[in-house]
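Trainee: Dropping the sequence and predicted coords here.
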Amino acid sequence: MAADAKRPKREADGAPGGADEPLQTFLRWCGEVRLKLSDKVYLSKERTVAEYGMLAKEDIEQGHVLFSIPRNALLHQGTSTTKKVLEEEKGCLESSSGWVPLLLALMYEYTCAESHWKPYLSLWPDFRKLDHPMFWSKEERERLLKGTGIPEAVDTDLTNIQKEYNDTVLPFMRSHPELWDPERHSLELYQSLVAFVMAYSFQEPVEDEDEDDDDENEVPNPPMMVPMADMLNHVCNHNANLEYTPDCLKMVAVRPIRKGEEIFNTYGQMANWQLLHMYGFTEPFPTNSNDTADIKTSTVYTAAVQETQSEAEQHHLVEKWKMLCEMEMVGEKGVFVFGKNGSLTDTELYTTLKVLCMSKEEFKELQANEGWQEDDGNDEDSKMVQALSLEGLPALAPEWKRLLHVAANLTMDQYLEDMDSDCRLLEEPGALAKLSPRERNALNVRLGQKSILHHLQQLTQHRTA
């Protein structure tokens, strides 16, 4: 399968013959803000996987600084023209996303003709060309992505965006008509900028001041826009990485890069469904080593219900599930996650299978003890990891395998097309070429998930001697 675009291509800007005035204006601006670009690299739309990209002019050694950008050239609420009012009234801008101050700053800067950031923001004349599923029609999302979890995630996103805009952003803008105009700074623009932040922003890691602190209590840094860094495309097998220092941010080569090779950053270990949802692109199947498939905890419960044979067993199952909820192993919207090497939610899945498959006597003992004692520490963790790995799954107890097998079957049934139909699109000559970019991205997502589920089905199927 040919390499797919990492971000949607745009038609070339500027005059014929390779001239790109927005890019040249941006590069001049980079010089003015003291962004230092290595002489060994250049930006181009040619020979890159998508849109703009960075390529090597000559061989580059590991550790070479590809560019550095001073912190005052980053775009966020603390560097925007609107920083004073955003800081003074930040208490009324709190939201579940934490993005409202940045989005207000972006709305102002994007629509201000005299903005200091205009040369940077002019590289994106139409955010809808990012092609996130939130810009697809509901019918398209259901037809192409049913079963992947993306349609539900997008519906939640759109509901939250509208609520955030109406409840927080709109009242704030109306109280500052000298900076914002609700007609100009509309819900549509706000939604587009949410997609822009999803696709191009960076979050600086939180410094570990105390190793004993609970990671769950850490407050993440707010997102920020990093000019130049967002020009690099993504692959999981990247050759560059962004480093943070007190004075600047640096993009550094993490391995030798040959002349003519494209320079790639990474957005983290992300499955194709996450890449499409957050960034509007996918890696071609089967190259994304980080692909995952989810089985809803409610689906495992449904599978367990199907295995019961009497009302007494169903009542017993309800009691088991209640205990698993109290133990926080399962939940209404919970999922068990599988990667290419097995389960990625070992503790939750192992505990769930163990409890659901207990005899009445074993479960009564568990209830009497109010759960079991935490023992064996790392040994128990290793046992769970091994049991739910690709090597360990075939050796699970028959009732555990049966439960997993039924749950995998039920999950596969959620897709509109079976796996064979999707595979034929890859195998039949010319079939792939006829697909639109959206159809190809959706295919990559579906096949990434289905291949993992199909493998799980094979490993857990009943085999007679």
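Mentor: Received the coordinates, thanks. Residues are numbered from 1 along each chain as shown.

Trainee: next one: stretch 144-159 to chain centre, how far?
Mentor: 13 Å (C-alpha atoms, centre = their mean, to the nearest Å).

Trainee: mind listing what's buried in that stretch?
Mentor: The neighbour-count criterion (16 or more other C-beta atoms under 10 Å) identifies 144-151, 153-154, 157 as the buried residues of stretch 144-159. From N, CA and C alone the C-beta is placed, and that goes for glycine too.

Trainee: Ok, stretch 260-275 next?
Mentor: Within stretch 260-275, the residues scored as buried using 16+ other C-beta under 10 Å are 262-267, 270-275.

Trainee: Please apply the same query to stretch 220-238.
Mentor: Across stretch 220-238, burial judged by 16+ other C-beta under 10 Å covers 222-236, 238.

Trainee: and those residues, which two are the farthest apart?
Mentor: Based on C-beta to C-beta, the longest span within the buried residues of stretch 220-238 runs between Pro222 and Val235 and measures 26.7 Å.

Trainee: if we can go back for a sec, just the ones of the buried residues of stretch 260-275 in helices?
Mentor: 272-275 (DSSP state H).

Trainee: Identify the farthest-apart pair in the buried residues of stretch 260-275.
Mentor: Ile263 and Trp273 (25.7 Å).

Trainee: for the stretch 201-350 of the chain, which spans come out with low pLDDT?
Mentor: Residues of the stretch 201-350 of the chain meeting the criterion pLDDT under 70: 208-217.

Trainee: who's in contact with stretch 320-329?
Mentor: Outside stretch 320-329, the residues within contact range by C-beta atoms under 8 Å, 6 or more residues apart in numbering are 301, 304, 330-331, 347-348, 351-352, 355-356, 358, 363, 366-367, 371.

Trainee: Could you rerun that using 6 Å?
Mentor: Contacts with stretch 320-329, where a contact means C-beta atoms under 6 Å, 6 or more residues apart in numbering, come from 301, 330, 348, 351-352, 355-356.

Trainee: can you give me the end-to-end distance of stretch 221-233?
Mentor: Criterion C-alpha to C-alpha, to the nearest Å; first-to-last residue distance in stretch 221-233 is 23 Å.

Trainee: actually stretch 134-149, not the one I wrote
Mentor: Terminal residues of stretch 134-149 lie 13 Å apart, using C-alpha to C-alpha.

Trainee: can you check stretch 421-433 too?
Mentor: Rule used - C-alpha to C-alpha; the end-to-end distance of stretch 421-433 is 16 Å.

Trainee: Then stretch 274-284?
Mentor: End-to-end distance (C-alpha to C-alpha), stretch 274-284: 14 Å.

Trainee: where along the stretch 151-300 of the chain do the helices fall?
Mentor: 170-174, 187-200, 272-279, 297-307 (DSSP state H, counting those that start in this stretch).

Trainee: Buried residues, the shortest one. List them.
Mentor: The reference is to helix 170-174. Under the neighbour-count criterion of 16+ other C-beta under 10 Å, helix 170-174 has 170, 172-173 buried.

Trainee: okay if I get those as JSON lines plus distance to Cys30 and pLDDT?
Mentor: Formatted as JSON lines, the buried residues of helix 170-174 follow (distance: C-beta to C-beta, whole Å; pLDDT from 0 to 100):
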{"residue": "Leu170", "distance to Cys30": "35", "pLDDT": "98"}
{"residue": "Phe172", "distance to Cys30": "32", "pLDDT": "98"}
{"residue": "Met173", "distance to Cys30": "31", "pLDDT": "98"}
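
Trainee: Looking at the residues you listed, spot the one nearest His315.
Mentor: Looking across these and measuring by C-beta to C-beta, the closest to His315 is Leu170, at 50.4 Å.

Trainee: where does the closest one sit relative to His176, distance-wise?
Mentor: Distance from Leu170 to His176, counting by C-beta to C-beta, to the nearest Å: 11 Å.

Trainee: again with Val169
Mentor: Taking C-beta to C-beta, one finds Val169 at 11 Å from His176.

Trainee: Please apply the same query to Gln449.
Mentor: Gln449 is 45 Å from His176, by C-beta to C-beta.

Trainee: repeat for Glu21
Mentor: Distance of Glu21 to His176, given as C-beta to C-beta: 33 Å.
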